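turn this into a structure:
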Amino acid sequence: MLLGTHHPKLDEKGRLFLPARFREELAEGVVVTKGQEHCLFVFPMHEFHRVTEAIRTAPTTQRAVRDNSRVFFASASHEIPDKQGRVTLPATLRDYAGLERDCVVIGASTRVEIWEGNAWASYLADREPVFADLESEVLPGVL
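Okay, the predicted model is just below:
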């Protein structure tokens with residue numbers, strides 16, 4: 001399970017050190033793609049295969065399925081961490097997420113998300129009060 005918040009820096013070649021606690025699970029390779037709220041999703045290969053299968057079974061007669069599938073797969077990049085645990089983030093994905101230097105990497109259970117530092121701070125400032133004040137379950141039976 002991928003958990004926690006980390007603050008690595010993007011180097012001048014567009015490489016990012018994966019947090020040490022994530023490296024074993026991500027060592028065989030990852031798929032990096034566009035996520036919602038202009039972050040990047042980083043999937044371990046086994047999880048990317050599971051997501052791919054779920055998308056494959058979604059009804060392509062629905063425009064939203066086609067649209068999301070196209071963006072998701074067209075922007076995807078297969079990366080293998082180097083011996084130091086770095087992955088290269090393609091320029092198009094860095095641009096999408098506004099990544100320049102300061103990044104925030106969060107574990108989101110089955111995937112990792114990469115955020116531009118200020119974007120993550122803004123997101124938290126907006127969403128944490130809502131989370132703290134929830135009066136009903138968002139995920140029935142869970143939270």
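
distance of the spatially closest residue to residue 9 that is not a sequence neighbour from residue 67?
Computed as CB to CB, 6 or more residues apart in numbering, the closest residue to residue 9 that is not its neighbour in sequence is residue 101, at 5.6 Å. C-beta: built from backbone N, CA, C; applies to glycine. Here the distance between residue 101 and residue 67 works out to 32 Å (CB to CB, to the nearest Å).

and the gap between the residue nearest to residue 9 and residue 90?
17 Å.

give me the more crowded residue out of those two.
Set side by side, residue 101 and residue 90 give different neighbour counts by other CB atoms under 10 Å, the larger being at residue 90 (15 against 10).

longest helix of this structure, counting residues only.
Counting by DSSP state H, the longest helix found in the chain is helix 117-132.

how far off centre is that helix?
Going by CA atoms, centre = their mean, to the nearest Å, the spacing between the C-alpha centre of helix 117-132 and its chain's C-alpha centre is 16 Å.

give me the mean pLDDT for that helix.
Helix 117-132 shows an average pLDDT of 95 in the prediction.

for that helix, name the packing helices and strands.
Helices and strands touching helix 117-132, as assessed by 3 or more CB pairs under 8 Å, 6 or more residues apart in numbering; DSSP states H and E, comprise strand 103-107.

angle of the strand it packs on against helix 117-132?
When axes from the mean of the first three to the mean of the last three CA atoms, to 10 degrees is applied, the directions of strand 103-107 and helix 117-132 differ by 40 degrees.

so which strand or helix has residue 48?
Using DSSP states H and E, residue 48 sits within helix 45-56.

contacts for that helix?
By CB atoms under 8 Å, 6 or more residues apart in numbering, the residues outside helix 45-56 that reach it are 28, 29, 30, 31, 43, 65, 68, 69, 72, 110, 111.

repeat that with 6 Å
Outside of helix 45-56, the residues within contact range by CB atoms under 6 Å, 6 or more residues apart in numbering are 28, 29, 31, 69, 110.
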